[in-house]
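>>> mind folding the following:
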Amino acid sequence: MKATVYGSVDDALAKDKKATLLNLRDKKLFEVPERMPELQKLTYLSLMRNNLEHWDAEIFKLKELEIINMQFNALKYIPKEIANLKHLTKIELAGNSIAMVPEEIGKLSKLRSLHLSINSITTLPETISKCKELEVLELDNNQLSYLPETMTGLNKLKMLNLSYNQFNEIDGHWLKLNALEELILDFNGLKQLPDSMGELKNLKTLMINNNKLESLPDSFINLQKLDLLSLGNNNIKVLPENISKLRKLRTLILTGNPISKAEKERIIKALPNCSVYID
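Predicted coordinates for the structure are as follows:
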């Protein structure tokens, strides 16, 4: 049987003090209900789209929490006490005003998804590497210009979104993410990609639209599992000669690049099983 999702603390306490799911989204809250810690069995808590500016102490008394959603509030930070919620597997904090991520994030050994889109984050702590179970990391629409070298420790990371940041270059060290399947780098200032790009053997989706790329490294043809490659609105004139080796590529987007008619014809011929979009 599916667990009941309660829409208020009072309702949950009246009907089932062992309730596991609490949804308080869109309640115009400025603080969380005082009696919320009485629901000690909560595993899911949504406080999405309220008016929360800080993390009330009551939140950290919910020791069984696995998923917390505080998207689109007015939070300016993530407190160190986040480490007390040791069972967290998913944290959703998009659409706040968070400027930094505390080192204590590394103590969340069960964390699988971390959503920090649309904030003001400038750096990530090196301890992020201790989140060994992390599979999804969304950091788009922030102020990042680099990532810590320790990122290579995220051996299970499958999805990384860094679009709408301030990356002018990519350090090759964090491209050793062997499990990565989806990488999004749209709307940065990238002029070139490192040769180590080809080490992302499991990459299926790569999006680098609206940057300043002029070419792709020859190692690109090592991305044998690549299914979608989107490079719209860059300064690319030609693709690697052996682009035909990307046999699993099904969609290639090159609109908004200065590609000649002859190069366009060569690309289309080299990728007969791929839908190619060029101006």
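
>>> and the nearest residue to Pro33 once chain neighbours are set aside, how many neighbours?
If the residues on either side of it in the chain are set aside, Pro33 comes closest to Val9, at 4.3 Å by Cβ to Cβ, 6 or more residues apart in numbering. C-beta here means a position set from N, CA and C on the backbone, and glycine is covered the same way. Val9 is flanked by 21 other residues according to other Cβ atoms under 10 Å.

>>> mind listing what Val9 touches?
Listed by Cβ atoms under 8 Å, 6 or more residues apart in numbering, the contact partners of Val9 are 22, 24, 33, 35-36, 38-39.

>>> which among these gets closest to Thr89?
Distances from Thr89 to the contacts of Val9, taken as Cβ to Cβ, are shortest for Leu22 (16.5 Å).

>>> before we move on, back to that, mind checking which of the contacts of Val9 are buried?
The neighbour count (16 or more other Cβ atoms under 10 Å) marks 22, 24, 33, 36, 39 as buried among those.

>>> what about those, which are in strands?
Leu22 (DSSP state E).

>>> looking at the buried ones among the contacts of Val9, which is nearest Gly153?
Leu22 (33.4 Å).

>>> confirm for me that the closest one is in contact with Asp10.
No: with contact defined as Cβ atoms under 8 Å, Leu22 does not count as touching Asp10 (11.1 Å).

>>> show me where pLDDT drops low in this protein?
Along the chain, the model assigns pLDDT under 70 to residues 1.

>>> thinking again about what came up before, using TSV, lay out the contacts of Val9 together with distance to Pro102.
Shown next, in TSV, are the contacts of Val9 (distance: Cβ to Cβ, whole Å):
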residue	distance to Pro102
Leu22	25
Leu24	24
Pro33	25
Arg35	28
Met36	23
Glu38	27
Leu39	26
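
>>> need the max-distance pair from these.
Leu24 and Glu38 (14.5 Å).

>>> mind listing the strands for the chain?
All strands of the chain, identified by DSSP E, fall at 5-6, 21-23, 44-46, 67-69, 90-92, 113-115, 136-138, 159-161, 182-184, 205-207, 228-230, 251-253, 275-277.

>>> mind listing the strands the fourth one pairs with, and their directions?
When sheet partners are counted by DSSP bridges, strand 67-69 sits next to strand 44-46 (parallel), strand 90-92 (parallel).

>>> just put the ones you listed in CSV and tack on mean neighbour count and distance to Glu149.
What follows is the strands paired with strand 67-69, written out as CSV (neighbours: other Cβ atoms under 10 Å; distance: least, Cβ to Cβ, whole Å):
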stretch, mean neighbour count, distance to Glu149
strand 44-46, 20, 34
strand 90-92, 19, 23
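
>>> figure out which of those strands is closest to Ala57.
Nearest of those to Ala57, taken as Cβ to Cβ: strand 44-46 at 14.3 Å.

>>> what sits up against the closest one?
So strand 44-46 is contacted by 5, 20-25, 59, 62, 65-69 (Cβ under 8 Å, 6+ apart).

>>> what about that strand, distance to the chain center?
Offset of strand 44-46 from its chain centre (Cα atoms, centre = their mean, to the nearest Å): 20 Å.

>>> again with stretch 90-110
Taking the mean of its C-alpha atoms, stretch 90-110 sits 12 Å from the chain's own mean (Cα atoms, centre = their mean).

>>> quick check: buried residues in that stretch?
Neighbour-count burial for stretch 90-110 flags 90-96, 98, 101-102, 104-108 (criterion: 16+ other Cβ under 10 Å).

>>> all helices of the chain, in order?
Here the chain has its helices, by DSSP state H, at 9-15, 261-270.

>>> hey, C-alpha coordinates of the first one in PDB?
When you say that, I think you mean helix 9-15. Extracted in PDB, the C-alpha atoms of helix 9-15 (Å, rounded to 0.1, in the frame of the first residue of the first chain):
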ATOM      1  CA  VAL A   9       1.400  18.700  10.600                       C
ATOM      2  CA  ASP A  10      -1.800  18.800  12.600                       C
ATOM      3  CA  ASP A  11      -3.600  16.400  10.200                       C
ATOM      4  CA  ALA A  12      -0.700  14.000  10.300                       C
ATOM      5  CA  LEU A  13      -0.500  14.000  14.100                       C
ATOM      6  CA  ALA A  14      -4.300  13.500  14.300                       C
ATOM      7  CA  LYS A  15      -4.400  10.500  11.900                       C
END
